[in-house]
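Student: I'd like to go over a predicted model; first the sequence, then the structure.
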Number of protein chains: 2
Amino acid sequence: MHAAGLRLRLLGIDTQQEHVIYMRRDCHVCRAEGFEAQTRVEVVLRERRIIATLNVVDTDLLPKGEAGLSTRAWQALSAASGDVVTVAHAPTLDSLSAMRSKIYGHRLDAQALDAIVGDVAAGRYSDMHIAAFLSACAGGRMDLQETIDLTAAMVNAGEVIDWGRGPIADKHCVGGLPGNRTTPIVVAIVAAAGLTMPKTSSRAITSPAGTADVMETLTRVDLDLKAMRHVVEREGGCFVWGGALTLSPADDVLIRVERPLDLDSDAQLVASVLSKKIAAGASHALIDIPVGPTAKVRTEDDAHRLQAMLEQVAAAHGLHLKVLRTRGAQPVGRGVGPALEAHDVLAVLRGAASAPVDLRMRALALAGELLEFCGHSAPGTGHSEAWRLLDSGAAWDKFQAICEAQGGLREPGVAPLREPVLAERSGHVSAINSRRLARVAKLAGAPGAPTAGLVLHVRLGDRVERGMPLFTLHARAAGEMAYARGYLATHPVVALADEMTP
Amino acid sequence: MHAAGLRLRLLGIDTQQEHVIYMRRDCHVCRAEGFEAQTRVEVVLRERRIIATLNVVDTDLLPKGEAGLSTRAWQALSAASGDVVTVAHAPTLDSLSAMRSKIYGHRLDAQALDAIVGDVAAGRYSDMHIAAFLSACAGGRMDLQETIDLTAAMVNAGEVIDWGRGPIADKHCVGGLPGNRTTPIVVAIVAAAGLTMPKTSSRAITSPAGTADVMETLTRVDLDLKAMRHVVEREGGCFVWGGALTLSPADDVLIRVERPLDLDSDAQLVASVLSKKIAAGASHALIDIPVGPTAKVRTEDDAHRLQAMLEQVAAAHGLHLKVLRTRGAQPVGRGVGPALEAHDVLAVLRGAASAPVDLRMRALALAGELLEFCGHSAPGTGHSEAWRLLDSGAAWDKFQAICEAQGGLREPGVAPLREPVLAERSGHVSAINSRRLARVAKLAGAPGAPTAGLVLHVRLGDRVERGMPLFTLHARAAGEMAYARGYLATHPVVALADEMTP
């Protein structure tokens, strides 16, 4: 049935998670199969097969008889230049009828959700299909049982780690504040207490740094499952980039579409967070929900609703879950950007005089809760135990030991260009716009340039005199520095008022 | 604020309606702006600006300092190789909050729908955003007023023709059966009666032929509005490809996303059909709804619901609308494919003995209804008047005159390769799978190869002896012929039974 194949040429076009194949309009396959742009096709290379979206080429970008693939598709097929693929119309996906049924307002059962999420994880949905699915599930259209089943489906679509013991501690922060890098400190304290905390983290998607980006300035984080097990067996904790593993892989795909749509769906959020924890083998998960005007969760009501759903779905999956609501009114720590946040983390762990107090206090609060929650500390004693483990240097020793086991600890670098941003008037700091602050750090080069970002010098309520530095920009290149400055010229980040706000 | 620009290079990548820009990952703009794959960006060239999705290039596909555009984006900017564009983060689209509000289950008012549809028409929505919007509106989530407002928004997003007189006749078929090419015949009859019928038609999207494809084998169809006016003023009718005009342009964008999602939304369908008619200046529209097991509308109940919504929305817009439900159990006429359907149309108009009776009867029924509906014929006399205009040769004369006014009438060609498909057993024709038949015609090369397709030799209930031809494949190239044959080997189109089905 298949016409002769097409030779692959490396084009190196990154389309994120969407599989795209590039074929000449006049190629024999397009003509024989009646393909046109956006046709969904099946691409077969040896024993591997993917579904891809066709982009049609009308120029000599591709020589006759050749085809190109997007980076993700190239990886999925383990392709090499010159490999020959065959291309045919994509088979019908049965799960798309289930998706349509959800769009038409019907409930989805566990089997339908397994089929949809399995197809999403395997890259069989186009971004359009994923957007339609997310849209159909948003706005409270998923009931509790559907959310439980969605979570299970996301777990089922990937690997699940069984540590063969318990308790297994985990933590997660919903909707990060810039600089809120408590995870490395909490893992060090909890592991120093003798508990097991095999932490997997993500890289930044839209923020200036993810925990994996921060830890990568200190040690190796792209461990595979075997290497991760080895570290955890030895030290009781780890700092691993989850992207190298395949825990709840559908989540990574869904989240890439969710962001540009800017859809806040509690069901998706809950399934996303909990499926990762369950797949990572956690038995006790502590969830940090910062609440504040520019945070992800903006009101106590929203926080309560989210907490209730998290608790119910976790309970259905046998996961012990505790929620800690924290203040989300301003950034945490001083640095924003991978290396700059790593410096803050090191300062707290080393007990340096310069260590940001807010980061330290948040980390201690979370670690203390986890120590009690996992049964290590008696009720009411977790916080002082965490304090002791940090101040005694036990957490710092554990942190170094984990990093050594992951391949060695190194000092994070410092950006070559550093420029202060000065207060243009005197006054009290009345607001800090977290969203703009993150944007500035990204414009300065974070997280692509690991040393780039900014260091914040003020906190809400601080008294500032005209000409004093509000924060310092760090950049790798003059162009990036100029770009951050240009943005600041029209988008102020720190508001100064004559009177202290109550 | 903008970094220096990027020189455009013609890549010629067709992504359908989605605007895509290709930029090197290491280019100064990507780095300065913090762009990554799928970032939405604004691209400015002289006085034109578009929003596009970024695809990141990691190879020398693009030299340093250059960028590429998808074909649609290239056209939208009227770009030429070497033009210099600037690229920045896309501004926030206010209408996306309205879209999200619909996803969350709220009604959309006329103003919100205007904003959304205007942005869609201007190419400011990614395919993902469009998919989310369509999904949010499907499944009966649009009430009558929203459907009326959506229709208005789609009209407002493009040009509206005012003919300065009335009545202006139009017709439309919902969900075409293969070969159901009544439009050219109806226009010829109605214009021959002295009425005005300025018909705009679409090209095939997923079918083997659209009316514009068929008419293009006979005359020129890509007239602009001025040329179209000239033809209509002179002859009372025309056969113009709507794609060259900008009537309800959002519809063309939405439909490209609707198809791969396979979403059947009454509201979208009604707004799509009626916005085109209203924008084309129609006062009286006749809607043909074929009902049958493999047609778009499958039950009388569905047809009734659709009819009611069409009538209510048309009434709200002051458009006179009449629905004719027709049988949709099998293809119409003999030919399937642009030239082959044109041959059928010519045979009916010329009164040839070989003219397919079913096509003739359907065209006469529709034309008769229109003549009465527009007040030309007294009730009960439209059909015989249509009959008279066709059999007297008046319709054929009018058809030729319109084609001459559009640039001349030519005979459609004939494909060089023709091969019959024979009955493998004797029996009565119990079913003809319209969907597969359309697929076979497309595999044989239609509509890209205008003479390709197939000619059907049997009808439901016909007695067939083993070895008799069921249909004949027409192709331009041996590969396409082989492909159609290959498909038929595993996907029979005509079912033969021992007994005649009742």
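Tutor: Yep, it's here.

Student: hmm, which helix or strand of chain A has the shakiest average pLDDT?
Tutor: Here the helix or strand of chain A ranked lowest by mean pLDDT, DSSP states H and E is helix A:28-33, holding a mean of 78.

Student: and for that helix, what are the contacting residues?
Tutor: The contact list for helix A:28-33, computed with Cβ atoms under 8 Å, 6 or more residues apart in numbering or on different chains, reads A:3-4, A:6, A:23-24, A:35-36, A:41, A:54, A:56, A:87-89, B:443, B:445, B:448, B:477, B:479-480, B:482-483. All C-beta spots, glycine's among them, are computed from the backbone N, C-alpha and C.

Student: if any of the residues you listed are buried, put those into a ChimeraX selection.
Tutor: Burial among the contacts of helix A:28-33 is assessed by 16 or more other Cβ atoms under 10 Å in any protein chain shown; the matching ChimeraX selection reads:
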select /A:3,6,23,24,35,36,41,54,56,87,88 /B:443,445,448,477,479,480,482,483
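
Student: how about the nearest residue to residue A:305, chain neighbours excluded?
Tutor: residue A:266 (6.8 Å; Cβ to Cβ, 6 or more residues apart in numbering or on different chains).

Student: where along the stretch 151-300 of chain A do the strands fall?
Tutor: Here the stretch 151-300 of chain A has its strands, by DSSP state E, counting those that start in this stretch, at A:169-173, A:197-201, A:237-241, A:284-291.

Student: I'd like the ones you listed as CSV, with distance to residue A:421 and mean neighbour count appended.
Tutor: Below are the strands of the stretch 151-300 of chain A laid out as CSV (distance: least, Cβ to Cβ, whole Å; neighbours: other Cβ atoms under 10 Å in any protein chain shown):
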stretch, distance to residue A:421, mean neighbour count
strand A:169-173, 27, 25
strand A:197-201, 30, 26
strand A:237-241, 31, 26
strand A:284-291, 25, 23
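
Student: now the ones you listed in CSV, with mean pLDDT?
Tutor: Output for those, formatted as CSV (pLDDT from 0 to 100):
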stretch, mean pLDDT
strand A:169-173, 95
strand A:197-201, 95
strand A:237-241, 96
strand A:284-291, 95
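
Student: these: which one's closest to chain B?
Tutor: For the strands of the stretch 151-300 of chain A, proximity to chain B was assessed by Cβ to the nearest Cβ; strand A:237-241 is nearest, at 16.9 Å.

Student: same for the closest one, what does it pack against?
Tutor: If contacts are counted by 3 or more Cβ pairs under 8 Å, 6 or more residues apart in numbering or on different chains; DSSP states H and E, strand A:237-241 sits against helix A:183-192, strand A:197-201, helix A:211-216, helix A:225-235, helix A:394-405.

Student: and the residue of the stretch 151-300 of chain A found nearest chain B, how many neighbours?
Tutor: Of the stretch 151-300 of chain A, the residue with the smallest distance to chain B, taken as Cβ to the nearest Cβ, is residue A:261 at 5.5 Å. Applying other Cβ atoms under 10 Å in any protein chain shown, we find 22 residues neighbouring residue A:261.

Student: same thing with residue A:281?
Tutor: With neighbours defined by other Cβ under 10 Å, the count for residue A:281 comes to 19.

Student: please apply the same query to residue A:111.
Tutor: If you count neighbours by other Cβ under 10 Å, residue A:111 ends up with 12.

Student: can you check residue A:263 too?
Tutor: Residue A:263 has 21 neighbours, counted by other Cβ under 10 Å.
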